[in-house]
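Novice: Please work out how this folds:
(one chain, ligands or ions: 2)
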Amino acid sequence: MRKPDGKIVLLGDMNVGKTSLLQRYMERRFPDTVSTVGGAFYLKQWRSYNISIWDTAGREQFHGLGSMYCRGAAAVILTYDVNHLQSLVELEERFLGLTDTANADCLFAIVGNKVDLREEGAAESQEEDGHSPGMASGGCASLKVSKQVRPEDAVALYKKILKYKMLDEKDAPAAEQMCFETSAKTGHNVDLLFETLFEMVVPMILRQRSQGPAQTVDITSYKPPGRTKAGCCA
Ligand SMILES: Nc1nc2c(ncn2[C@@H]2O[C@H](COP(=O)(O)OP(=O)(O)OP(=O)(O)O)[C@@H](O)[C@H]2O)c(=O)[nH]1
Ligand SMILES: [Mg+2]
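Specialist: Residues are numbered from 1 along each chain as shown. Ligands and ions are numbered 1, 2, ... in the order given. Got it, this is the predicted structure:
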C-alpha cells in the first residue's frame, strides 16, 4: 500500500456524528454506529492523490490519543452537534490543543452535524413560543432553543482558532468557507465538506513535495485483519 499523500482528521465530542459523517461520505449510507474505540481510517483517492481520513474516539478515556492522530495532519475537521452547544464549547476547551501536532499550515473546518434534528426541534419550538431559534426569550421553550448552536457561534470559534494558531485572517481561508452545517443522516453538505477539503489539501501536498519529504504518519505498518478499505488501530 502506498503511503498516503495527505491526512485529514475528524475530532469532536462523543456522539456528535464523526463516524456517521465518514461512513455517509465513503459508503454512501447511514448505518447504525457504535461509539468509536481508539481510531480508524479510510483511504480516499482524490485525483492522483491518496488521502487518509482518520476517525477518532470522542470519549474522554481516549483523549490522550488525539494528538497522535493529528500528527502531520493537513486538515482537521472539528465536529460538533448543532443541537448541543456544549459540544461546540468542548472543541475549544478539549480538542483544539490536540491539533498542536498537526502541520503548521493545517486547515481547520468547523462542522455542525445533525441539522436534520435542529430543523425538527426549531419547528416545534417556534410553534411553542413564536420565536426563531437563537432569539432571547423567557420560558422553558427558550431554554431548549438556547442549547442550539447558531452558525455565527461556529464562525466565532473559527476566528478564535486562527488567533490560537497565530494566523492572520487575511492569510487563512474565510470562515464562511470553512464552517459547514451537515447531516450524516440525510447527506446534507457531506460531499461538499470532504471535497472542499480535498481540493484545499492537494495544493498543500504539492507544496510539501516541493519542500521535502511528506510529514504524514506511515500507516503501512498497521495491518488491520481482514479489512482492506478501512482499518482500525485501537
Ligand atoms: N439525526 C441524526 N443522527 C445522527 C447524525 N449523525 C449521527 N447521528 C447519530 O448520532 C449517534 C452517534 O453517531 P456517531 O457517528 O457514532 O458519533 P461519533 O461522533 O462517532 O461518536 P464517538 O465515536 O463516540 O466519538 C448515532 O446514533 C448516529 O446514528 C445526523 O446527522 N442526524
Ligand atoms: Mg465514532
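Novice: residues near the residue nearest to T56 when sequence neighbours are not counted, how many?
Specialist: Spatial nearest neighbour of T56, chain neighbours left out: G39 (4.6 Å); criterion: Cβ to Cβ, 6 or more residues apart in numbering. Glycine gets a C-beta too; all of them are placed from N, C-alpha and C. For G39, the number of neighbouring residues by other Cβ atoms under 10 Å comes to 20.
Novice: Over to the one 4 residues further on?
Specialist: Counted with other Cβ under 10 Å, the burial measure for L43 works out to 17 neighbours.
Novice: and it, what are its bridge partners?
Specialist: Applying DSSP bridges to L43 gives these bridge partners: S52.
Novice: And the helix or strand harbouring S67, how far out from the chain middle?
Specialist: Using DSSP states H and E, S67 sits within helix 66-70. On the basis of Cα atoms, centre = their mean, to the nearest Å, helix 66-70 is displaced by 13 Å from the centre of the chain it belongs to.
Novice: could you point out which element follows it?
Specialist: With DSSP H and E, the next secondary element past helix 66-70 is strand 75-81.
Novice: Report whether that next one contacts ligand 2.
Specialist: No: with Cβ under 5 Å from the ion as the criterion, ligand 2 is not reached by strand 75-81; the gap is at least 9.8 Å.
Novice: tell me the mean pLDDT over that strand?
Specialist: Mean pLDDT, strand 75-81: 98.
Novice: Please say whether there is contact between the following helix or strand past it and ligand 1.
Specialist: On the C-terminal side of strand 75-81, the nearest following helix or strand under DSSP H and E is helix 85-90. No: judged by Cβ under 6 Å from any ligand atom, helix 85-90 makes no contact with ligand 1; its nearest approach is 9.2 Å.
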